[in-house]
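[1] model this:
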Amino acid sequence: MASAAAVPVGFHYETKYVVLSYLGLSAQEKPQEHPPPPPPPTQGNLCIFLSFYIKEYIKVTTELLFSLALNLIVIYNWLYYI
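    Modelled structure (predicted):
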């Protein structure tokens, strides 16, 4: 059994260290600090954000529904010709 002196300085028995070492990456001793939170939104920023969010939501929803409709047509045709 290895003694505590045989463990390299800075070595910690953590999953993160083991995984990063296995991948050949260096483990950081200190976790990265989170950036400070953004300032509270103003009325103008909130309106811009919401309009962008709603446009993206409509775009993604439309794409999903179109894809679903195409898949249903393909499945229907496949079942019809069996």
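[2] State which helix of this protein is the longest.
    Taking DSSP state H as the criterion, the chain has its longest helix at helix 43-80.
[3] pLDDT averaged over it - what is it?
    For helix 43-80, mean pLDDT rounds to 89.
[4] Run through the neighbouring helices and strands of it.
    Using 3 or more Cβ pairs under 8 Å, 6 or more residues apart in numbering; DSSP states H and E, no helix or strand is in contact with helix 43-80. Bear in mind the C-beta positions are built from the backbone N, C-alpha and C, glycine included.
[5] Please identify the buried residues of that helix?
    Residues of helix 43-80 include none that count as buried (16 or more other Cβ atoms under 10 Å).
[6] Tally up the residues packed near His34, please.
    By other Cβ atoms under 10 Å, the residues close to His34 number 6.
[7] Need the pLDDT of it.
    As predicted, His34 sits at a pLDDT of 71.
[8] again, but for the one 5 residues further on
    Pro39 carries a pLDDT value of 74.
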